[in-house]
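Colleague: Using only what follows, build the 3D model:
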Amino acid sequence: MIANQGTKRADGLSIVVPVFNEAGGLASLHTQLMALAQRLRDQRGLRTEIIYVDDGSRDNTFAIARGLPAESADVQALSLSRNFGKEAALLAGLDHARLAAIMFMDGDGQHPPELAERLIALWQDEHYDVVFTAKANRHEEPVTRQLFAKLFYRVLNFNARMPIPEDAGDFRLLSPRAAEALRQLPERNRFFKGLSSWIGFKQIRVPYEPAPRAHGASSWNMRALLGLSIEGLTAFSAAPLRIASLLGILLSASAFLFGSWILFETIVLNRRVPGYPSVMVGIMVIGGVQLLVLGVMGEYIAKILSELKRRPSYFIAESEIREAGTTEYTERPSGTPREAAE
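Modeller: Numbers count the residues shown, from 1 in each chain. Got it, this is the predicted structure:
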């Protein structure tokens, strides 16, 4: 799925906000974003649009999004045909953006809109192409989650030519050329944190403290985070395959050393070596490693099959847009991702 490289987008900033069951806090967030858009227009002459991508919410999130006023910025409201996942929602926003630069931020209010002005300043004043935020610390998180995050990044960046910054979030800004580079990537299994680093260009990290969640509860439990981690690892990194290979080498070396020691005990020391426990332990270790390696290979084969099928990453059920200063939404055609974006 190659992006439409011939599309010329107007100068300005598109703010992409994926939302899932965020009906309680969406109006409050929109008020802050409208104030941000007004300041950007007054201080920098920067045109903005806000794109809400409803990822199959089960509440009235989309109904609220389509009714939000377009006071100082254009407003788009997209509704995906079902829950495709956050990465697909980010891609939908990227595809439907009408302005050249892109800023991604979450819809739960934990990405402070005030910090967006600093990201924009680094882009416009210091000419950074990728300005990404990262948690300053994880002290408020459980120890198990902190350890899981460290392990994830260690594995992800194992022997990587372009490491992904640790604790980098989805709250990031892409210059026009960086956003266009992301659109040109053909794969459907996307991991935006990794791809934003992979494209290169001039990048900078901005530490921040997430704001408390104002409404509802996060859907990112350990099970969801584990699933996202597996998706990210298999979609972006070959580290699990390399680790599986090293594990095989380590197991082979251990078996060789163990066999050599048994021969030494039998021939040189004339000791009788018990057979049953060592055989059972050996079979269990080898069997476990083989199943682990097969599982890793299966994940990558599933990704290859997904790419070969070339199914769209998402479908748009409803798509509406309101120009700044107007009160009426204009419906846009739904359908496949690229058709809807054209």
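Colleague: what's the single longest strand in the chain?
Modeller: If you go by DSSP state E, the chain has its longest strand at strand 10-19.
Colleague: who does the next helix or strand after that strand touch, helix- and strand-wise?
Modeller: Elements were assigned by DSSP states H and E; along the chain past strand 10-19, the next helix or strand is helix 26-44. The contact analysis (3 or more C-beta pairs under 8 Å, 6 or more residues apart in numbering; DSSP states H and E) places helix 26-44 against strand 10-19, strand 48-54, helix 61-66, helix 113-124. For every residue, glycine as well, the C-beta is placed using N, CA and C.
Colleague: Mind putting those into a markdown table with mean neighbour count, distance to L246 and mean pLDDT?
Modeller: Converted to a markdown table, the helices and strands packed on helix 26-44 look like this (neighbours: other C-beta atoms under 10 Å; distance: least, C-beta to C-beta, whole Å; pLDDT from 0 to 100):
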| stretch | mean neighbour count | distance to L246 | mean pLDDT |
| --- | --- | --- | --- |
| strand 10-19 | 22 | 37 | 88 |
| strand 48-54 | 28 | 40 | 90 |
| helix 61-66 | 22 | 45 | 85 |
| helix 113-124 | 18 | 39 | 86 |
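Colleague: okay, these in JSON lines with distance to A134 next?
Modeller: Below are the helices and strands packed on helix 26-44 laid out as JSON lines (distance: least, C-beta to C-beta, whole Å):
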{"stretch": "strand 10-19", "distance to A134": "19"}
{"stretch": "strand 48-54", "distance to A134": "23"}
{"stretch": "helix 61-66", "distance to A134": "27"}
{"stretch": "helix 113-124", "distance to A134": "12"}
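Colleague: and K86, which of the ones you listed is closest to it?
Modeller: strand 10-19 (5.6 Å; C-beta to C-beta).
Colleague: Direction included, what does that closest one pair up with?
Modeller: strand 48-54 (parallel), strand 99-104 (parallel) (DSSP bridges).
Colleague: Can you redo the ones you listed as JSON lines, where the extra columns are distance to G12?
Modeller: Output for these, formatted as JSON lines (distance: least, C-beta to C-beta, whole Å):
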{"stretch": "strand 48-54", "distance to G12": "6"}
{"stretch": "strand 99-104", "distance to G12": "4"}
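Colleague: returning to that earlier point: of all the helices and strands packed on helix 26-44, which one comes closest to R311?
Modeller: strand 48-54 (18.6 Å).
Colleague: of all the helices and strands packed on helix 26-44, which lies closest to V293?
Modeller: Using C-beta to C-beta, these put strand 10-19 closest to V293, at 34.8 Å.
Colleague: list the contacts for M34?
Modeller: Listed by C-beta atoms under 8 Å, 6 or more residues apart in numbering, the contact set of M34 reads P69, E71, S72, A73.
Colleague: Name the member of those that has the highest neighbour count.
Modeller: The residue in the contacts of M34 with the most neighbours, by other C-beta atoms under 10 Å, is A73 (28 neighbours).
Colleague: which non-adjacent residue is nearest that residue?
Modeller: A37 (3.7 Å; C-beta to C-beta, 6 or more residues apart in numbering).
Colleague: And K193, by the same measure?
Modeller: Leaving aside its sequence neighbours, K193 is closest to A168 (5.4 Å, by C-beta to C-beta, 6+ apart).
Colleague: what number of residues lie near that neighbour?
Modeller: When neighbours are counted by other C-beta under 10 Å, A168 registers 19.
Colleague: residues contacting it?
Modeller: A168 neighbours (C-beta under 8 Å, 6+ apart): F132, T133, A134, K193, S197, R205.
Colleague: follow-up on the earlier one: alpha carbons of the longest strand of the chain, in PDB - could you do that?
Modeller: What follows is strand 10-19 as a C-alpha-only set of coordinates in PDB (Å, rounded to 0.1, in the frame of the first residue of the first chain):
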ATOM      1  CA  ALA A  10      -1.100  22.800   2.100                       C
ATOM      2  CA  ASP A  11       1.200  24.400   4.600                       C
ATOM      3  CA  GLY A  12       0.100  24.000   8.100                       C
ATOM      4  CA  LEU A  13      -0.200  21.400  10.900                       C
ATOM      5  CA  SER A  14      -2.600  18.500  11.200                       C
ATOM      6  CA  ILE A  15      -3.200  17.200  14.700                       C
ATOM      7  CA  VAL A  16      -4.200  13.600  14.600                       C
ATOM      8  CA  VAL A  17      -6.000  12.300  17.700                       C
ATOM      9  CA  PRO A  18      -7.000   8.600  17.800                       C
ATOM     10  CA  VAL A  19      -9.900   8.000  20.200                       C
END
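Colleague: So what touches that strand?
Modeller: Residues contacting strand 10-19 (C-beta under 8 Å, 6+ apart): 26, 29, 33, 40, 46-55, 57, 61, 65, 73, 86, 89-90, 93-94, 97-107, 116, 120, 173, 176.
Colleague: hang on, G248 in a helix?
Modeller: Yes. Under DSSP: H, G, I helix; E, B strand; the rest coil, G248 falls within a helix.
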